[in-house]
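Colleague: Predicted structure and sequence below. I'll ask about it afterward.
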Amino acid sequence: MKLNLSFEVDLEEVLRMLGAQGTKDQAIRDLARQAAECVQKAAVPRATYQRMPCERLRPLLLGRDIEMHLQGCSELVAIACTLGRETDCLIQRMEFQNMALAVAVDAAASVGVESLVQNLEQQLRDQLEAQGLFLTGRFSPGYGDYPIRVQNDLLALLDTPRRIGLMATETHLLTPRKSITALCGVASHPVTGRLAGCEHCALREKCTKRKEGKTCV
Amino acid sequence: MSEVFKKDRYTILDGAMGTMLQKSGLELGRQPDVLGIEQPEIVERIGRMYVESGSDWICANTFGANRKKLSGCGYTVEQVIAASVGCAKSACRGSECRVLLDVGPIGELLEPVGTLGFEEAYDIFRQEMVAGEQAGAQGILIETMTDLYEVKAAILAAKENTSLPVLVSMSFEERGRTFTGCTVESLALVAQGLGADAVGINCSLGPREIFPLAKRLCSSTTLPVFIKPNAGLPDPATGAYDISPRQFCDEMACYEALGISAVGGCCGTTPDYIQHLAEYFGQKCPKQREVTARSCVCTPTELVEIDRVTVIGERINPTGKKRFQAALREGDLDYIAEQAIEQANAGARILDVNVGLPGIDEAEMMRRAVKTIQSVTDLPLQLDSTRADVLEAGLRVYNGKAIVNSVNAEEAVLEAILPVCKKYGAAVVGLTLDEHGIPERAEERFALAKRIVEAACSAGIPREDVFIDCLTLTASAQQQAVRETLRAVQMVKERLGVKTVLGVSNISFGLPCREQVNTSFLTLALAHGLDMPILNPNSQAMMAAVASFEVLYNLDPESTRYIAQYAGKAPQPAAGDARAPELYDAIVQGLRSQAAHAAREKLKSMPPQELVNQILIPALDSVGERFEKGTLFLPQLLQSAGAAQAAFDEVKEKIISEGTKGASKGKIVIATVKGDIHDIGKNIVKVILENYGYEMIDLGRDVPPERVVEAARSNNVRLVGLSALMTTTLPSMAQTIEALHQAGLACKIMVGGAVLTPEYAESIGADFYARDAKQSVDIARKVLG
């Protein structure tokens, strides 16, 4: 299946990341819109995925949370996607010209790559449902107690350096930066997975969503 | 050494190794390179199958045998390479087939987007290359590359440490660029310039998709070309490739017309595919190919062909610029980056880079300047120095094909600098002067130009890569010499047939209203055959003269570029708007150019220090307070910071021009800790603190503890700021603090970052936790006043 690589940039989400959620200030809203346009123009989105038995990924399924999430699933789909190095370069250059816009572009790119992976997940879900299968939500390294040190091996398994130009540093950070890897469980019966929730989240103390009583997934 | 590829018949390369290993049951996730040690019989068998199917060269199973990928596998790079090359040599026994050391990407992204340094990449490759030659490999194949910088590190490592022939190939997407944006043409220029023996395209696509890219490659280089496509395109879900050996061979047949020299296969291909290729191509003779010589320079993403007026930006040069000199002494590379971006936006196509200043380490500064500029623009660079060591330092880390500015006709200069240009594949500017100075008459300058072109050619530099500068003399001092320069340009252009370059702005030195003299001289020089004026692209009049000339000389077909640039342009509004806001308001409202203008006006009557303390800081404070209260948001804070920065630049300019003491309130070292690559938060803090008059020593991201300690010590700072975004990099922050404490430095440490809390900050020994940029100002005030 050829993937549709389009993504959206939700302005309210960009504003939230800038600490200006729900603002009526037109100048800031314009800035967020301009940032979103810059990202749409610069990004070169790419993605790859692989469906495999959970067993094959066993050495990389570390911690309790991912285990819980994949409960009842015999297979999983691993997804990797990126907005490309062009997005990183854009932000880096923008910082020298207009720091306010650079920060907004950085936020817009984060929102954009989240939308990209969301769209990919939906396409895979539709495809599997047509085969009578069900897909859990997304679970990424770094959620709950699932350590990001699995990134390097996960990328090697998905052959992402060769397929989409995505790599990780020695400290397991994805480069290009605006990139996401995620796992979804596949089962023959309806499953939702169990997302990690806020309990183990590193941003628990500071999260604005949590303060409003919402979650991010 | 026998030739890499035969001239009288096509050379047959091998097919995939990974595909074959998977067929033999290689476990996924296991590093395939160790099989040469653990299951040599499998590796040797695959090699022998390729030998038997007709390969003239086979690859050893060493694609990922670098110390990064092999770490933790239990074997050294030398062991793995010796074993795999050994397997390949055994497979070749009794045949004429030869063995290539196969060198794939390191697997981590290089600077500037990634964190792997160019020098480290070189060293990783050096280890592989040396081990490969010792193990008996007869050639080196650098393949499946997507980053031209990595290619450069690999070619240099091979050429400087072995005597083996080097084949280089990259993987492209259908758009004709690699993942990192590198074009086919840039690969061709750089591989040829660095002395590769053959260049090619492999992987990613099938024969049909690679064909148009191969065509471009063939017309961009005189090197032998090889192509190793995949067996069609893979199914995204299963990874299976979609064309058969027969189809593959049929689709390869059309490559004959291009004049390539060697064929093989990549992912999905097997000995069967190679056998078909050997049967079809094996007895045929490659077609000769005509390549038009063109004058080009490049970065990975941008190829500049000098086939029309090519403006070289002159602003990155400290001569006569006190502000620039101060920036160089302080190691302020941001200033250089800003100059680069400004000139790129103004329409320069190449940037001259001169960082010569007495008392600084010019070679090290050139190296850092090149890296910094290349992280913020795509434009090719012209490295400007008279010293061979400085030029070599810059050329080595430059990503692409650069220009060297300059040599002259003096024997010693030619001998010192031309070999450096040749080694790094750079084009070179030759000045028409020698030990006796600049000759008066055009004929004499022409004679020197001729001598330079001949010397370059005998040093192995192609004629099209030599650009002659006939030298502009100042009209006010040597009025009669101006026409001699113009005549010399014309003679060089017409009789030597090389491109010409000329610094334009000197012409008007000592005259009033310099720009109008410069503009007239520029137009005259262009009409006499000048290709590459070196000028200030921020001068609208100069750029307009270039654009107009291109219309008038039919170099801008249908005036497309001219119209795009100037249609609907209103005349510039007069400066000094009566309703211009006061400096305080301009900063609060985040109006950059108005703030600069207001500051300039104000500085006529107010001492710089007073302006900072009485207007700039109170304005920022008022913005900061509103930010703290939540009535104003981060982007607005940053817009005000941008405006304050513009005003502060005026202040600095004034201080430097008056030669008075700086406005610095103290130095602060700031860094994103080792292992972390998120630096936008740190950069926000830096911008804000700078506006309050603190001198920021920014060490960048992924900074090891010892560099922080060293910077804190050598600058004798009283405050260090550290940033880390991830929970996984917090330990690195703790180590940095520990290192600072152990060094016994009396500085205070403030920390910040998304996952940090005040409690954690305290637990790792930080003196302050900064929630946001505003708080970092409060802390700096407390510590430094």
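Modeller: In hand now; what should we look at?
Colleague: low pLDDT regions in the chain?
Modeller: Went with chain A since none was named. Where chain A drops to pLDDT under 70, the residues are A:196-197, A:200, A:216-217.
Colleague: That was the other one, I meant chain B.
Modeller: Applying pLDDT under 70 to chain B flags residues B:1-2, B:27-29, B:236-237, B:570-580, B:661-663.
Colleague: Can you give the domain ranges for it?
Modeller: Structurally, chain B divides into domains by automatic domain parsing as follows: B:11-281, B:309-552, B:580-661, B:664-785.
Colleague: how about whichever residue of chain A sits closest to chain B, what does it touch?
Modeller: With CB to the nearest CB, the shortest gap between chain A and chain B falls at A:Gly165, namely 2.8 Å. C-beta: built from backbone N, CA, C; applies to glycine. By CB atoms under 8 Å, 6 or more residues apart in numbering or on different chains, A:Gly165 lies in contact with A:Arg46, A:Thr82, A:Gly84, A:Arg85, A:Pro176, B:Thr146, B:Thr178, B:Phe179, B:Thr180.
Colleague: Surely it forms part of a strand?
Modeller: No: judged by DSSP: H, G, I helix; E, B strand; the rest coil, A:Gly165 forms no part of a strand; its state is coil.
Colleague: Tell me how far it lies from A:Phe7.
Modeller: Relative to A:Phe7, A:Gly165 is positioned 17 Å away (CB to CB, to the nearest Å).
Colleague: Can you point out the buried residues in whichever strand or helix holds B:Val783?
Modeller: B:Val783 is part of helix B:773-784, with elements assigned from DSSP states H and E. Residues of helix B:773-784 classed as buried: B:Ala773, B:Lys774, B:Gln775, B:Ser776, B:Val777, B:Ile779, B:Ala780, B:Val783, B:Leu784 (neighbour count, 16 or more other CB atoms under 10 Å in any protein chain shown).
Colleague: what does stretch A:191-210 give?
Modeller: A:Val191, A:Gly193, A:Arg194, A:Leu195, A:Ala196, A:Cys201, A:Ala202.
Colleague: Distance from the chain centre to that stretch, please.
Modeller: Here stretch A:191-210 is found 15 Å from its chain centre; the criterion is CA atoms, centre = their mean, to the nearest Å.
Colleague: What's the end-to-end length of it?
Modeller: 25 Å (CA to CA, to the nearest Å).
Colleague: and what of stretch A:172-180?
Modeller: Stretch A:172-180 has an end-to-end distance of 12 Å (CA to CA).
Colleague: before we move on, what about stretch B:388-408?
Modeller: Terminal residues of stretch B:388-408 are spaced 13 Å apart (CA to CA).
Colleague: could you check whether that stretch is close to chain A?
Modeller: No: in terms of CB under 8 Å from any CB of the partner chain, no part of stretch B:388-408 sits within range of chain A; the closest distance is 12.9 Å.
Colleague: Looking only at that stretch, what residues are buried by neighbour count?
Modeller: Neighbour counts over stretch B:388-408 (16+ other CB under 10 Å) mark B:388, B:390-408 as buried.
Colleague: Now for B:Asp332, how many residues are close by?
Modeller: Using other CB atoms under 10 Å in any protein chain shown, B:Asp332 is surrounded by 18 other residues.
Colleague: Could you do B:Ala595 as well?
Modeller: Neighbour count for B:Ala595, taken as other CB under 10 Å: 31.
Colleague: Can you tell me how far it is from B:Ala641?
Modeller: For B:Ala595, the distance to B:Ala641 equals 11 Å [CB to CB].
Colleague: of all the domains of chain B, which lies closest to A:Leu183?
Modeller: domain B:11-281 (15.2 Å; CB to CB).
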